[in-house]
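Participant: Output the structure for:
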Amino acid sequence: MTLRAALSSVLSMLLLSSTTLNACTACFGKTDEALAQGMNAGIYVMLVFVAAAWVFFGSFFVFIARRSKRVNAEAETGESASNQ
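Facilitator: Alright, predicted model coming up:
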């Protein structure tokens with residue numbers, strides 16, 4: 001084994017055996033800590049963005065349906081909103 005390989009393996013063993021490599025508070029079950037509250041807030045913010053995207057997506061199709069209905073009604077009567 002070369003010196004470089006030996007040093008890198010020793011260094012990686014030291015880094016991996018560190019006591020600071022613990023799981024987050026959600027994995028430990030401590031839901032009252034600030035990290036868990038921050039994760040929950042982040043989840044709620046992402047849910048709001050997803051819900052807003054669905055609302056905008058659905059409202060676009062409602063807009064298209066209403067516009068199509070209006071254009072079809074104008075085509076049947078031969079009138080246009082710009083002629084009035």
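
Participant: At which residues are the strands of this protein located?
Facilitator: Listed in chain order, the strands of the chain (DSSP state E) amount to none at all.

Participant: Kindly list the single helix or strand of it that scores lowest on mean pLDDT.
Facilitator: helix 25-28 (a mean of 64; mean pLDDT, DSSP states H and E).

Participant: where along this structure do the helices fall?
Facilitator: Assigned by DSSP state H, the helices in the chain fall at 3-16, 25-28, 34-77.

Participant: Put the alpha carbons of the first one into CSV.
Facilitator: What follows is the C-alpha trace of helix 3-16 in CSV, where atoms were taken according to Å, rounded to 0.1, in the frame of the first residue of the first chain:
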residue,chain,number,x,y,z
LEU,A,3,1.8,6.2,1.5
ARG,A,4,-0.9,8.2,-0.2
ALA,A,5,-3.4,5.4,0.0
ALA,A,6,-2.6,4.8,3.7
LEU,A,7,-3.0,8.5,4.5
SER,A,8,-6.3,8.8,2.7
SER,A,9,-7.7,5.7,4.4
VAL,A,10,-6.6,7.0,7.8
LEU,A,11,-8.1,10.4,7.1
SER,A,12,-11.3,8.9,5.9
MET,A,13,-11.5,6.7,9.0
LEU,A,14,-11.0,9.7,11.2
LEU,A,15,-13.7,11.7,9.4
LEU,A,16,-16.2,8.9,9.4
